[in-house]
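[1] For reference, the sequence and a predicted model appear below.
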Amino acid sequence: MFVPHTLNQPVECEAIVITCLDFRFQPIFEHWLRENLDPGKYDRVAYAGSVKNWDLIFNQIEFARQVHKIETVILINHEDCRAYGDAGTPQRLVADLRQARKAVFNQYPELEVQLYYARLAGYLERVG
């Protein structure tokens, strides 16, 4: 059950979650978010390719850090990402996640960064 809060009251935001917008994965992402984060305590951003378009993603992270005071960045790529086209191998998708984590740490070493790789089978794997 969704309970709206008063918009003019401060709300703690724990994390920003960046995913791909691929409709096939939305139920997987929604389930994972319900299981792992408190409702209303995170910003969610979805772009085709997730971290593929780094300049767009980084601006969202910067905004969430400055305005919403996030402490955690959660980056999720998924298998069979059509935004990558033929270049979207599992190795490339995981490498891009790691590169994105490095870029966040370089700019904001105080932020925690979690990486995940979503599978069509319906689950997310933590990436080291």
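    Alright, I've got the coordinates.
[2] can you tell me which residues contact residue 20?
    46-50, 76-78, 81, 83 (Cβ atoms under 8 Å, 6 or more residues apart in numbering). Heads up, the C-betas are built off the backbone N, CA and C, glycines and all.
[3] if I pick the residue lying closest to it once chain neighbours are set aside, what's in contact with it?
    Closest residue in space to residue 20, ignoring its immediate chain neighbours: residue 50 at 4.4 Å, by Cβ to Cβ, 6 or more residues apart in numbering. With contacts defined as Cβ under 8 Å, 6+ apart, residue 50 is in contact with 18-20, 57, 75-78, 81, 83.
[4] how far away is the residue nearest to the spatial centre of the chain from residue 86?
    Among the residues of the chain, the smallest C-alpha distance to the mean C-alpha position (Cα atoms, centre = their mean) belongs to residue 18, namely 2.2 Å. Between residue 18 and residue 86 the distance is 23 Å, computed by Cβ to Cβ, to the nearest Å.
[5] count of neighbours near residue 70?
    For residue 70, the count of nearby residues is 24 (other Cβ atoms under 10 Å).
[6] What does the pLDDT read for it?
    On the pLDDT scale, residue 70 is placed at 96.
[7] Check the one 4 residues further on too.
    Residue 74 is assigned a predicted lDDT (pLDDT) of 98.
[8] and it, helix, strand or coil?
    The assignment at residue 74 comes out as strand when based on DSSP: H, G, I helix; E, B strand; the rest coil.
[9] Contact partners for it?
    15-18, 42, 113-114, 116.
[10] Same question for residue 27.
    By Cβ under 8 Å, 6+ apart, residue 27 lies in contact with residue 122.
[11] Quick check: the gap between it and residue 59.
    Shown here: residue 27 relative to residue 59, a distance of 28 Å by Cβ to Cβ.
[12] same check, this time on residue 15
    Distance from residue 15 to residue 59, counting by Cβ to Cβ: 17 Å.
[13] for the contacts of residue 50, which one is nearest residue 128?
    When the contacts of residue 50 are compared for distance to residue 128, the smallest value, 13.0 Å, is given by residue 75; criterion: Cβ to Cβ.
[14] This completes my enquiry, with thanks.
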